[in-house]
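In: Need a 3D model of the following:
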Amino acid sequence: MPKMVGEKERGSAELVPENIEIVKLLMNCQLTVRQVNPRQYVADIPQLSNLEVWFQRPKDVVRKLSSGDLDLGIVGLDTVSEYGQGDEDLIIVHDALKYGGCRLSIAIPKYGIFENINSLHDLAQMPQWTKERPLRIATGFTYLGPKFMKEKGLEFVTFSSADGALEAAPAMGIADGILDLVSSGTTLRENNLKEIEGGIVLDSQAVLVASKKSLIRRKGVLDATHEILERLEAHLRATGQFTVTANMRGNSAEEVAERIHSQPSLTGLQGPTISPVYCKRNGKVSVDYFAIVISILLKTIFPIGGSGVLVSPLTYIFEEETPRWCSLLEKLGL
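Out: So this is what the prediction gives:
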């Protein structure tokens with residue numbers, strides 16, 4: 001039986017599904033995560049037979065995928081990168097689930113010796129750092145941090161493992177800077193810290209990750225992954241897209257199509273669907289308008305022109321075959 005895991009709500013012994021982004025995302029894909037009671041960490045998805053769902057701490061999601069205890073997981077890319085540590089068995093099936101967006105970034109104080117330091121290059125060139133007195137970075141990312149600094153050629157750096165409010169570490173004198181996840185940057189600013197140019201280690205958001213061995217060897221895992229991926233792709237591709245129907249004057253469908261194609265933002269998925277509008281005037285039927293149907297982003301709707309414009313939000317956009325599925329099969333050699 002395939003097993004999929006999602007991130008357990010942080011700091012809570014009780015799982016509250018309606019407050020968890022992954023549950024919301026799956027519900028939007030018509031996949032209902034069903035629990036017997038809210039204190040259980042195991043659930044199922046009725047729409048996918050023989051699939052177990054487990055809620056675990058983020059790092060445990062990755063570790064159990066690597067150990068083969070689980071087949072699929074939804075977790076932040078930063079967590080996959082930190083705890084996966086280059087494990088070739090971990091495959092990113094979908095790399096942009098559009099929630100949990102943040103960046104893993106180096107931050108230093110705005111004051112003191114760092115006042116005029118605004119880039120990683122500036123930081124590396126500071127004469128203060130020696131073998132006896134290295135640059136001290138507080139972080140919970142003790143794999144990605146040293147790896148990044150080594151790749152950038154910074155020699156005299158030490159990392160101290162830390163959790164919680166890292167922003168206090170420089171002010172307390174226990175670190176020179178921090179390496180942590182940043183979203184808006186408000187917390188950094190409120191603690192007199194700043195990000196530096198070239199100091200972003202990783203851009204992260206939620207991803208769907210799988211065990212390569214499970215996909216190839218375990219019965220039902222690849223099929224379940226295919227269906228989950230199709231639903232995710234269809235929903236996420238439709239986000240922000242609208243179906244627009246409008247009547248436009250023209251002498252022919254081709255003329256109207258040329259007018260639409262002259263505005264690349266209005267061409268839709270593959271191009272407009274155009275059909276004649278049969279109007280009756282003075283007892284005679286004639287074609288004065290053509291109805292166009294296109295799917296476009298909201299911001300491109302307003303210059304469309306025409307009359308009788310109807311706008312409806314899209315829920316799903318299904319492809320004949322999703323590009324990410326084709327990419328996954330290629331990675332698996334299938």
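In: show me where the stretch 1-150 of the chain has strands.
Out: 3-7, 42-44, 52-56, 72-76, 90-94, 102-109, 135-139 (DSSP state E, counting those that start in this stretch).
In: For the stretch 151-300 of the chain, which residues score under the pLDDT cut-off?
Out: 163, 267, 299-300 (pLDDT under 70).
In: give me that answer again for 80
Out: 162-164, 263-270, 297-300 (pLDDT under 80).
In: residue boundaries of the helices in it?
Out: Applying DSSP state H, counting those that start in this stretch to the stretch 151-300 of the chain gives helices spanning 169-172, 186-190, 212-217, 221-238, 253-261.
In: so Leu166 sits right up against Gly145, yeah?
Out: No. Using Cβ atoms under 8 Å as the test, Leu166 is too far from Gly145 to be in contact (11.6 Å). Using the backbone N, CA and C atoms, a C-beta is placed for each residue, glycine as well.
In: Pull out the buried residues from stretch 135-147.
Out: Buried residues in stretch 135-147, counted by 16 or more other Cβ atoms under 10 Å: Leu135, Arg136, Ile137, Ala138, Thr139, Gly140, Phe141, Leu144, Gly145, Pro146, Lys147.
In: circling back to that earlier point, need the residues touching each of Leu166 and Gly145.
Out: Thr139 (Cβ atoms under 8 Å, 6 or more residues apart in numbering).
In: related to what we said a few turns ago, let me have the helices of the stretch 151-300 of the chain in a markdown table, extended by mean neighbour count and distance to Pro46.
Out: What follows is those, written out as a markdown table (neighbours: other Cβ atoms under 10 Å; distance: least, Cβ to Cβ, whole Å):
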| stretch | mean neighbour count | distance to Pro46 |
| --- | --- | --- |
| helix 169-172 | 17 | 47 |
| helix 186-190 | 13 | 40 |
| helix 212-217 | 17 | 22 |
| helix 221-238 | 20 | 13 |
| helix 253-261 | 16 | 42 |
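In: Val62: which of these is closest?
Out: For Val62, the closest of the helices of the stretch 151-300 of the chain is helix 212-217, at 13.8 Å, according to Cβ to Cβ.
In: Touching that closest one from outside, list them.
Out: Contacts for helix 212-217 (Cβ under 8 Å, 6+ apart): 2, 68, 70-72, 88-91, 221-222, 225, 328, 331-332, 334.
In: Now do the contacts for the closest residue to Ser160 other than its chain neighbours.
Out: Once flanking residues are discounted, Ser160 sits nearest to Ala138: 5.2 Å by Cβ to Cβ, 6 or more residues apart in numbering. Contacts for Ala138 were tallied using Cβ under 8 Å, 6+ apart; they are Phe159, Ser160, Ala162, Leu166, Ala169, Pro170, Ile174, Ala175, Gly177, Ile178, Leu179.
In: If we use 6 Å, what do you get?
Out: Contacts here follow Cβ atoms under 6 Å, 6 or more residues apart in numbering; on that basis Ala138 touches Ser160, Ala162, Leu166, Ala169, Ala175, Ile178.
In: filter those to the buried ones?
Out: Judged by 16+ other Cβ under 10 Å, buried ones among these: Ala162, Leu166, Ala169, Ala175, Ile178.
In: what about Arg57, how many neighbours?
Out: 15 (other Cβ atoms under 10 Å).
In: Give me the distance between the residue nearest to Tyr111 when sequence neighbours are not counted and Ile137.
Out: Once flanking residues are discounted, Tyr111 sits nearest to Asn192: 6.2 Å by Cβ to Cβ, 6+ apart. Distance from Asn192 to Ile137, counting by Cβ to Cβ, to the nearest Å: 17 Å.
In: From Leu297, how far off is the residue nearest to Tyr111?
Out: 39 Å.
In: got it, and Glu230?
Out: 22 Å.
In: any idea how this structure splits into domains?
Out: 3-100+205-238, 102-203, 241-313 (automatic domain parsing).
In: Would you tell me which one of the ones you listed is buried the most?
Out: Of the domains of the chain, the one with the most neighbours on average (mean count of other Cβ atoms under 10 Å) is domain 3-100+205-238, at a mean of 18.
In: what's the distance between it and the middle of its chain?
Out: Put simply, domain 3-100+205-238 sits 13 Å off its chain's centre (Cα atoms, centre = their mean, to the nearest Å).
In: Help me confirm that Gly220 comes into contact with Pro2.
Out: Yes. Counting by Cβ atoms under 6 Å, Gly220 touches Pro2, with 5.2 Å between them.
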